[in-house]
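**Q** model the following, please.
(2 chains)
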There are 2 protein chains.
Amino acid sequence: METWKIKERVLSANDRLALENRARLDQARVLAVNLIASPGAGKTSLILRTIEALRGRARIAVIEGDLASRVDADRVQAAGVPAIQINTGGGCHLDAPMVAQALAQLPLEAIDLLLIENVGNLVCPTQFALGEHRRVLVASVPEGHDKPIKYPTSFMDMDAIVLNKMDLIPYLDFDWEAFERAVRAVNRDAPIFPVSCRTGEGITTWVTWLYSAP
Amino acid sequence: METWKIKERVLSANDRLALENRARLDQARVLAVNLIASPGAGKTSLILRTIEALRGRARIAVIEGDLASRVDADRVQAAGVPAIQINTGGGCHLDAPMVAQALAQLPLEAIDLLLIENVGNLVCPTQFALGEHRRVLVASVPEGHDKPIKYPTSFMDMDAIVLNKMDLIPYLDFDWEAFERAVRAVNRDAPIFPVSCRTGEGITTWVTWLYSAP
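**A** Have a look, this model is predicted:
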């Protein structure tokens, strides 16, 4: 009971700060997207493809969340985009205070689109609001079509679902209809974007949904 | 500070119960293995291959941890092995109390090897002892060779690392030497078993390490 009360208080503090993050983003007219996925589903590759597809149309910045290392931030910066690396030091998700610190280091007035790559984890990141406008789950073909059945809460509150690594379909027993049916059982509306970050397939459709240039 | 103290108390309660689980397993001469992996890395497929390879040599039981569904327990039971499904209802890892409840439902005296499939999550399950004798991380080729760099704490305390989906190597840019180097930076001793649960490649070597029949 005691534990529960304290957890409740911690969550509220996170939500309050998430609202403050949101207000800062709105004031600077930045669209913020929280990308959630299992390790290795291809979040960073999707970010790199998105940067490429929107070059000259949107000014992008990236926040990279990882337990350790700056591998991802370095890859993104090499693509000519400002990137802040957050190391959680073992923590299993980003939270609103971490994102608030990162926002303070970014030139928000000069940014249109902020991509936030959460820690690779299908469970915990869904429970912490960061202040984002859109929440996107990146699934991948090798993970199998049964993931929405086993992780229903992860697919439930998403604004869109990207299904990456479509180029591996010929080598796997992935059942697209079973996947779609399982997603629809917990999420009626989110568009599903099949893509391959390797070949570029489907990226244009995804980017059009993500960011229609004014 | 308050929060920290209570967390500390909760962890100790888990560890105490993990020791009790371990004592029960030892008394019944059951070898227990905690399988940890990202969603879709192939833990259930590895369990099915292991059951097949040890048929007639070891009496196996399985505990399946998932947020929801009994997909995995059904697959394992179809292979003729007792399986207990634990649904965490959104929880991101198994803990010692959950495993204690499952142990109470298993005929431990009639079991030699207990495979515990943790919730698909590379981060949180590593922080909760269950009473297992061996802790194995199942990585997979499509996740990429940089995972030990980004999730060092997950690879650190493992007794073995299985690298699944080796059959996909021709279609991906997986660098085996980079993977091995990254593992060795945080874990000097754990054997690495390259396998394909699809083709059966490497399963014999893995099973020999896991369970040398008396």
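
**Q** all contacts plus neighbour counts: C-alpha atoms, from now on.
**A** Noted.

**Q** the strands in chain A, which residues?
**A** A:31-37, A:60-66, A:83-87, A:113-117, A:134-140, A:160-164, A:192-194 (DSSP state E).

**Q** a markdown table for those strands, including mean pLDDT and mean neighbour count?
**A** Compiled in a markdown table, the strands of chain A are given as follows (pLDDT from 0 to 100; neighbours: other CA atoms under 10 Å in any protein chain shown):
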| stretch | mean pLDDT | mean neighbour count |
| --- | --- | --- |
| strand A:31-37 | 98 | 24 |
| strand A:60-66 | 97 | 26 |
| strand A:83-87 | 97 | 22 |
| strand A:113-117 | 98 | 23 |
| strand A:134-140 | 98 | 23 |
| strand A:160-164 | 98 | 24 |
| strand A:192-194 | 98 | 20 |
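
**Q** figure out which of those strands is closest to B:Arg29.
**A** Distance to B:Arg29, taken as CA to CA, is lowest for strand A:31-37 among the strands of chain A, at 39.0 Å.

**Q** contact partners for the residue nearest to the spatial centre of chain A?
**A** Geometric centre of chain A, nearest residue: A:Leu35, 0.2 Å, by CA atoms, centre = their mean. By CA atoms under 8 Å, 6 or more residues apart in numbering or on different chains, the contact list for A:Leu35 reads A:Lys43, A:Leu115, A:Ile116, A:Glu117, A:Asn118, A:Arg135, A:Val136, A:Leu137, A:Val138.

**Q** once you drop chain neighbours, what's closest to the fifth one?
**A** Looking back up the chat, that one is A:Asn118. Excluding its sequence neighbours, the residue lying closest to A:Asn118 (CA to CA, 6 or more residues apart in numbering or on different chains) is A:Gly65, at 5.0 Å.

**Q** show me the beta-bridge partners of the one you found.
**A** When bridges are called by DSSP bridges, A:Gly65 pairs up with A:Ile86.

**Q** pull the number of nearby residues for A:Pro107.
**A** When neighbours are counted by other CA atoms under 10 Å in any protein chain shown, A:Pro107 registers 11.

**Q** do you know how far it is from chain B?
**A** For A:Pro107, the distance to chain B equals 27 Å [CA to the nearest CA, to the nearest Å].

**Q** before we move on, what about A:Ile47?
**A** 16 Å.

**Q** what does chain A put close to chain B?
**A** Residues of chain A lying close to chain B (CA under 8 Å from any CA of the partner chain) are A:3, A:6, A:38-41, A:66-69, A:71, A:90-92, A:121-124, A:142-144, A:147, A:149-153, A:168, A:171.

**Q** selection in ChimeraX covering whichever of those are buried, please.
**A** Command for ChimeraX, covering only those of those found buried under the criterion 16 or more other CA atoms under 10 Å in any protein chain shown:
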select /A:38,39,40,41,66,67,68,69,90,91,92,121,122,123,124,142,143,144,147,149,150,151,152,153,168
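
**Q** on that earlier part again, which of the strands of chain A sits closest to A:Glu177?
**A** strand A:192-194 (11.8 Å).

**Q** distance from the closest one to the middle of the chain?
**A** 14 Å (CA atoms, centre = their mean, to the nearest Å).

**Q** residues touching that strand, excluding its own?
**A** Contact with strand A:192-194 is made by A:Ala160, A:Ile161, A:Val162, A:Leu163, A:Asn164, A:Met166, A:Gly202, A:Thr205, A:Trp206, as judged by CA under 8 Å, 6+ apart.

**Q** where in chain A is pLDDT low?
**A** Along chain A, the parts satisfying pLDDT under 70 run over A:1-11, A:213-214.
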